[in-house]
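Q: Here's my sequence, what's the structure:
(2 chains)
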Amino acid sequence: MTDAGVVVVGASAAGLAAAEAVRRAGHDGPVTVVGAEPHPPYTRPALSKALLRGTGGGESVYLPAPEADIGLRLGVDAVGLDPVGRRILLADGDSLPFTGLVIASGARARTMRVDGRGETVLRSLDDALALRQSLDRVSSVVILGGGFVGVEVASACAAAGVSTTLLIRHSRLMPRLGPQLSELVTGAALAAGITLRQVAGEVELIGNPVEAVGTPDGAVVAGDLVVTAVGCHPNVDWLDGSGIPIEDGVVVDSRCRAAPRITAAGDVARMRGRARTPFWTAALEQARVAGTALVRGEEASRYTPADFFWTEAFGLAVTVAGPLPAGGSAETLAGDLAQGSGLVRWRGRHGRVTVAAVNHRIARRKLRALAAEAS
Amino acid sequence: MELSVQEGRCEGYGLCEEVAPQVYRLPDDDDVELLHTQVPQGLESEAVAGARACPVAAIKLSR
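A: Predicted coordinates for the structure are as follows:
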């Protein structure tokens, strides 16, 4: 019997890492990576940071191309999974047979309207390039959402000299960082001239394209551009009817397995019993496990979640190892956060230790070691 | 295969070094150091995986 090969759905950092892991684990049949976007695989965290602030073109975020023994099929959506015939159905009518499948179809920006009509979001490279271009044309921006993406976008808007309002649910920005870091970011945003407006309850988008946000107290907050930044939603629609277990993402075991000879990794995957962790290193590390487990099964090492995260906004570069939100008793290991740079370790309940570096360059390995020595 | 680091891009996360310690070394307080600019055979897939772990796409390679 000929080996139909491995198909990876998702030409992302996770998709490519999974494909490579499949090869490294000893699979010598075909490996094909399918991607919905026309661009070569690129780094997504850079979109809301360097790309939005800078002048570099799309190619500045492209990742190194895979080796020649990995096939790339770009610009075509996977629209279905036939679990019996073991084929991936593509939007162009074609289909790809597989003996092994890695689901790395990622996530898309959540929108306020069901169909996202008229909304501006930031998720893809095209979104980022379009948003950056519009910053040259507009004089005011309203951003819905005070999480990581919303705040990073606000920072780019401020840097572009655009009057910026953030509509936020919590009293502070990036609440997920924990009170102390969140306070720091909020202070930096205010110092940069951002208007913060706390909104309790449901908001309503007005216009198509959206030109204002109606708040529950009857106010209308208008801007030349309104950006929705309210999180992401796993791309699982194409798996309808496939029998793959889905609950806020593809549910996988500790070896990233979702079904026999089917694994999942990255923003689309959710480890059983945990929340999704749509972050760079989690995606890459899951991808390596997902690719290896596809070939080696039980011999593959289990995925060990290692919380690592970074953000950049308003002149603050924050890097965090350990669970969020960071809280508990804080210990300053270097510098002074109040002065704008430092290294801080929190000891929270149940042995939770989180270390954060603010405007303090440190490798992940060292940050993790500082967390481990206190656990 | 030839490696290069794009000027001013490295942010020091050291993810390349974690994936491919035989190819990349991250000194304290400095940009990544390439242990090979011409990657020897046998280290190529490691070099690619390390370059691709960089979230700011600082490492470029040409074949």
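
Q: When you work out contacts or count neighbours from here on, use the C-alpha atoms and nothing else.
A: Will do.

Q: Report pLDDT for A:H360.
A: Note on A:H360: pLDDT of 96.

Q: how far away is it from A:A371?
A: A:H360 is 16 Å from A:A371, where distance means CA to CA, to the nearest Å.

Q: can you check A:D248 too?
A: In terms of CA to CA, A:D248 sits 30 Å off from A:A371.

Q: quick one, which of those two is more surrounded?
A: Taking other CA atoms under 10 Å in any protein chain shown, A:D248 and A:A371 do not tie; A:A371 has more neighbours (20 against 15).

Q: show me the contacts for residue 47.
A: Picked chain A for this. Contact analysis of A:L47 by CA atoms under 8 Å, 6 or more residues apart in numbering or on different chains lists A:V61, A:R123, A:S124, A:L125, A:A128.

Q: Switch to chain B, please.
A: Contact analysis of B:A47 by CA under 8 Å, 6+ apart lists B:A20, B:V23, B:V39.

Q: Pretty sure the last one sits against B:S4.
A: No. With the criterion set as CA atoms under 8 Å, B:V39 and B:S4 do not qualify as a contacting pair; they are 10.8 Å apart.

Q: Compare the two and say which is more crowded by neighbours.
A: Neighbours per residue (other CA under 10 Å) separate B:V39 from B:S4, with B:V39 holding more: 20 against 16.

Q: mind checking how far the closest residue in space to the more buried one that isn't next to it in sequence is from chain A?
A: Once flanking residues are discounted, B:V39 sits nearest to B:M1: 5.4 Å by CA to CA, 6 or more residues apart in numbering or on different chains. As judged by CA to the nearest CA, to the nearest Å, B:M1 and chain A stand 11 Å apart.

Q: just so I have it, where are all the helices in the chain?
A: No chain was given, so I picked chain A. A:13-24, A:52-53, A:125-135, A:148-159, A:179-191, A:280-296, A:364-372 (DSSP state H).

Q: Oops, wrong one, chain B.
A: B:15-19, B:44-52.

Q: now those helices in TSV, with distance to A:E204?
A: Formatted as TSV, the helices of chain B follow (distance: least, CA to CA, whole Å):
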stretch	distance to A:E204
helix B:15-19	42
helix B:44-52	40
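
Q: Could you pick out the residues of chain B near chain A for me?
A: B:11-15, B:18, B:26, B:28-29, B:45, B:48-49, B:51-53, B:55-57, B:60-61 (CA under 8 Å from any CA of the partner chain).

Q: Once you drop chain neighbours, what's closest to the closest residue to chain A within chain B?
A: Closest to chain A within chain B is B:Y13: 4.4 Å, counting by CA to the nearest CA. Leaving aside its sequence neighbours, B:Y13 sits nearest to A:A363 (CA to CA, 6+ apart; 4.4 Å).

Q: residues touching that neighbour, list them.
A: A:A363 is in contact with B:G12, B:Y13, B:G14, B:L15, B:L26, counting by CA under 8 Å, 6+ apart.

Q: among the residues you listed, which ones are buried?
A: B:G12, B:Y13, B:G14, B:L15, B:L26 (16 or more other CA atoms under 10 Å in any protein chain shown).

Q: per-residue confidence at the fourth one?
A: Which is B:L15. So B:L15 comes in at 97 (pLDDT).

Q: How about the first one?
A: In the predicted model, B:G12 carries a pLDDT score of 95.

Q: pull the CA atoms of stretch A:167-178 into PDB?
A: Written as PDB, here are the backbone C-alpha positions of stretch A:167-178 (Å, rounded to 0.1, in the frame of the first residue of the first chain):
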ATOM      1  CA  LEU A 167     -13.100  51.100  25.400                       C
ATOM      2  CA  ILE A 168     -12.400  48.600  28.200                       C
ATOM      3  CA  ARG A 169     -14.300  46.300  30.400                       C
ATOM      4  CA  HIS A 170     -11.900  46.300  33.300                       C
ATOM      5  CA  SER A 171     -10.500  49.300  35.000                       C
ATOM      6  CA  ARG A 172      -7.000  48.500  33.800                       C
ATOM      7  CA  LEU A 173      -5.400  47.500  30.600                       C
ATOM      8  CA  MET A 174      -4.200  43.900  29.900                       C
ATOM      9  CA  PRO A 175      -5.800  42.700  33.200                       C
ATOM     10  CA  ARG A 176      -4.500  39.300  32.500                       C
ATOM     11  CA  LEU A 177      -1.000  40.400  33.400                       C
ATOM     12  CA  GLY A 178      -2.000  40.800  37.000                       C
END
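
Q: if we can go back for a sec, okay, the helices of chain B, which one's buried deepest?
A: Looking across those with neighbours counted as mean count of other CA atoms under 10 Å in any protein chain shown, the highest average goes to helix B:44-52: a mean of 23.

Q: gap between the two ends of stretch A:121-140?
A: Start-to-end span of stretch A:121-140 (CA to CA) is 16 Å.

Q: from the middle of its chain, how far away would it be?
A: In terms of CA atoms, centre = their mean, to the nearest Å, the centre of stretch A:121-140 is found 18 Å from the chain centre.

Q: Quick check: mean pLDDT of it?
A: The model assigns stretch A:121-140 a mean pLDDT of 97.

Q: same deal with stretch A:40-51?
A: Rounded mean pLDDT across stretch A:40-51 is 96.

Q: and what of stretch A:86-95?
A: 97.

Q: is it true that the residue nearest to B:V39 touches B:G42?
A: No. Counting by CA under 8 Å, B:M1 does not reach B:G42; the two are 11.1 Å apart.

Q: More neighbours: those two, which one.
A: The neighbour count for B:M1 versus B:G42, taken as other CA under 10 Å, is higher for B:M1 (15 against 8).
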